[in-house]
Every structure is written in C-alpha cells, then in structure tokens.
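**Student:** Got a sequence here, can you build the structure:
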Amino acid sequence: MDSDVANEIGTKWEAEEIPDEDFLFTRVHHSYLDDDGEPIPGAFRNQPPKIGGMSTDWQKYSTPEHTIARARQPTANIIIEFLTGAVRKIPNQLVIHTPEVR
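**Tutor:** Here you go, the predicted structure:
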C-alpha cells in the first residue's frame, strides 16, 4: 500500500510493509474463550467495526504487554499473536500497516 492510500483513509504516518516473519498481537476478551481457554470463532472480527478490518499491533511498535495494557480491563483479556506470513496465506486476508493517530 502506498502512502497516498494510507493518507486517504485518515492516517498521518507512512504505510510500511510488514515482514512475513513478524508477529501481530491482538487482545481477546475472556467472554470469547471456550472452556479450554481457546478463542471461539467470534473472537476474530472487525475491531473497531467501522474500519472494516481487524486491528492488531505490530511487534515493531508494540509488545504483548503493551497491547494488553491498553485494554479497559487487562486482566479480563488474553493476547493472541499471529505470524504475518501465516495470516497472508488465509484466503481473502490482507495485512497492511495503516497506523491511526489516537
């Protein structure tokens, strides 16, 4: 994705290519875990809904600890990490870096 596209969707930083060997982190609330502590399919959804994609943190700019610390209730969440290259192998899944100013 080029920086013009990233800027059109409201970001202020340049888009970057995320290497396949890097990890992405996301929080999963305990209500989306089964009895064995594994995420149920509903855990993986567009968040926030308005962006049309699943927001994650890139290991280049975050750690699992930082990702969970931003939850409203950190102790009610777990961290899931995805290998970027594995996500890209899922049909119809894209991994793009379009940071938002918060």
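
**Student:** ok, Gln59 - how many residues close by?
**Tutor:** By the criterion of other CB atoms under 10 Å, Gln59 has 18 neighbours. C-beta coordinates here come from the backbone N, C-alpha and C atoms, glycine included.

**Student:** List the beta-bridge partners for the nearest residue to it once chain neighbours are set aside.
**Tutor:** Spatial nearest neighbour of Gln59, chain neighbours left out: Phe23 (4.5 Å); criterion: CB to CB, 6 or more residues apart in numbering. Here Phe23 sits in beta bridges with Leu83, going by DSSP bridges.

**Student:** cool, the one 4 residues further on as well?
**Tutor:** On DSSP bridges, the residues paired with Arg27 through beta bridges are Ile79.

**Student:** So it is in contact with Gln73, correct?
**Tutor:** No. The criterion here is CB atoms under 8 Å, and Arg27 misses it with Gln73 at 10.0 Å.

**Student:** between those two, which one's more packed in?
**Tutor:** Set side by side, Arg27 and Gln73 show more neighbours around Arg27, with 23 against 9, by other CB under 10 Å.

**Student:** so who does the more buried one touch?
**Tutor:** Neighbour list for Arg27: 67-68, 70-71, 77-80 [criterion: CB atoms under 8 Å, 6 or more residues apart in numbering].

**Student:** Buried only: go through those residues for me.
**Tutor:** Buried by 16 or more other CB atoms under 10 Å: 67-68, 77-80, out of the contacts of Arg27.

**Student:** any idea how far Pro41 is from the residue of the chain positioned farthest from its centre?
**Tutor:** Here the chain reaches farthest from its C-alpha mean at Asp35, the gap being 23.8 Å by CA atoms, centre = their mean. Going from Asp35 to Pro41 by CB to CB, to the nearest Å gives 15 Å.
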